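**Student:** I would like the atomic coordinates for the input below:
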Amino acid sequence: MGKTVRVTAAVICRENKIFATQRGYGDYKDWWEFPGGKIESGESPEQALKREILEELAAEISVGRKIMTVEYDYPTFHLSMDCFVCTLICGEPELLEHEAAKWLSRSELDSVNWLPADREVVDTLKDYTAW
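**Tutor:** Residues are numbered from 1 along each chain as shown. Okay, the predicted model is just below:
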């Protein structure tokens, strides 16, 4: 297996719904994911998440507790993804890099085509009581 890519993802919760975004580019264009991105050198996962959400969605978030770390082998790389419960501090998410977004209730989580690594998070969230 080649390189490991370390990323961080935001499970943004509001009024018993979770924010999901649809990729507008790359091999997995049109698939759904939790917003976030790569952790840069010298950043904590929490710092990276705040920066990425500001860059991708022009919104400020508060990063809460870590839900899980997903380890997933894609065909060309290994993904290590830290996932955190987050809340919006200010701003409504604007789609600067994504095609679409939805606020999904617990019963709607299976209504979109999640990326394989994000699917593991979705399965965990179904049993998660904090939202």
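
**Student:** next SSE downstream of the strand or helix carrying residue 21?
**Tutor:** Using DSSP states H and E, residue 21 sits in strand 17-23. Using DSSP H and E, the helix or strand that follows strand 17-23 in sequence is strand 32-33.

**Student:** give me the mean pLDDT for that following strand.
**Tutor:** Throughout strand 32-33, pLDDT has a mean value of 96.

**Student:** ok, the residue most central in space within the chain - contacts?
**Tutor:** By Cα atoms, centre = their mean, the chain has its centre lying nearest to residue 34, at 2.3 Å. Neighbouring residues of residue 34 by Cβ atoms under 8 Å, 6 or more residues apart in numbering: 9, 10, 11, 12, 19, 20, 21, 83, 118, 121. In this view, the C-beta of every residue, glycine as well, is placed from N, C-alpha and C.

**Student:** give the next helix or strand downstream of the lengthiest helix in the chain.
**Tutor:** Assignment by DSSP state H gives helix 45-57 as the longest helix of the chain. Counting by DSSP H and E, the next helix or strand C-terminal to helix 45-57 is strand 60-73.

**Student:** the helix or strand just after that next one - which strands sit beside it in the sheet, and in what orientation?
**Tutor:** Remark: after strand 60-73, the chain's next helix or strand is strand 78-90, criterion DSSP H and E. Sheet pairing of strand 78-90 (DSSP bridges) gives strand 4-14 (parallel), strand 60-73 (antiparallel).
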